[in-house]
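# Provided below are the primary sequence and the corresponding predicted coordinates.
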Amino acid sequence: MSSIPRIDGLDDPVTPLDPRSRLCLRCKATFHSQWAGERICGRCKGTAAWRSGTPMQTPSVGRRR
Ligand SMILES: [Zn+2]
C-alpha cells in the first residue's frame, strides 16, 4: 500500500486561495479562477452589466471632500 504522509490540522477542504478551473456563474464557461470566491470569468467581469452591480466611482453622486 502506498503510504501518504498526512499532517493532521492541515487537511482543510476549503482554502481561500484555491486556483483552479471553474464554471462561470454568468456564461457557464470554464475559466481559470484565482481563488475560491472568484466565480465570474474575466469576460463577464468586463461587461457593463457586471460593472453596474459594483459601486465604483460615480461622477455625479458621492462627491464629498
Ligand atoms: Zn463568464
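The structure has been received and is ready for your questions.

# okay, CA-based contacts and neighbour counts for the rest of this
Fine.

# Identify the residues contacting the closest residue to Gln34 other than its chain neighbours.
What sits nearest to Gln34 in space, not counting adjacent residues and going by C-alpha to C-alpha, 6 or more residues apart in numbering, is Pro19, at 4.4 Å. Taking C-alpha atoms under 8 Å, 6 or more residues apart in numbering, we find Pro19 in contact with His32, Ser33, Gln34, Trp35, Ala36.

# how far away is the closest residue to Cys27 other than its chain neighbours from Ile4?
Nearest non-adjacent residue to Cys27, counting by C-alpha to C-alpha, 6+ apart: Cys44, 7.4 Å away. Separation of Cys44 from Ile4 (C-alpha to C-alpha, to the nearest Å): 40 Å.

# Have a look at the two and say which one is more surrounded.
Cys44 (16 against 6; other C-alpha atoms under 10 Å).

# Phi first, then psi, for the more buried one.
Reported as degrees, to the nearest 10, the phi and psi values for Cys44 are phi -70, psi -30.

# circling back to that earlier point, make sure the residue nearest to Cys27 is actually in contact with Arg26.
Yes. In this structure, Cys44 is within contact of Arg26 by C-alpha atoms under 8 Å, at 6.9 Å.

# show me where the protein has strands.
For the chain, the strands defined by DSSP state E occupy 20-23, 30-33.

# I'd like to know how many residues surround Ile40.
22.

# same deal with Pro5?
Neighbour number of Pro5 under other C-alpha under 10 Å is 6.

# same deal with Arg65?
Arg65: 3 neighbours (other C-alpha under 10 Å).

# all helices for the protein, in order.
42-46, 48-53 (DSSP state H).

# Compare those helices and say which comes out lowest on pLDDT.
Ranked by mean pLDDT, the helices of the chain bottom out at helix 48-53, with a mean of 62.

# any idea which of the strands of the chain is most buried?
Highest mean neighbour count of those: strand 30-33, a mean of 17 (counted as mean count of other C-alpha atoms under 10 Å).

# who's in contact with Cys24?
So Cys24 contacts Thr30, Phe31, Arg39, Ile40, Cys41 (C-alpha under 8 Å, 6+ apart).
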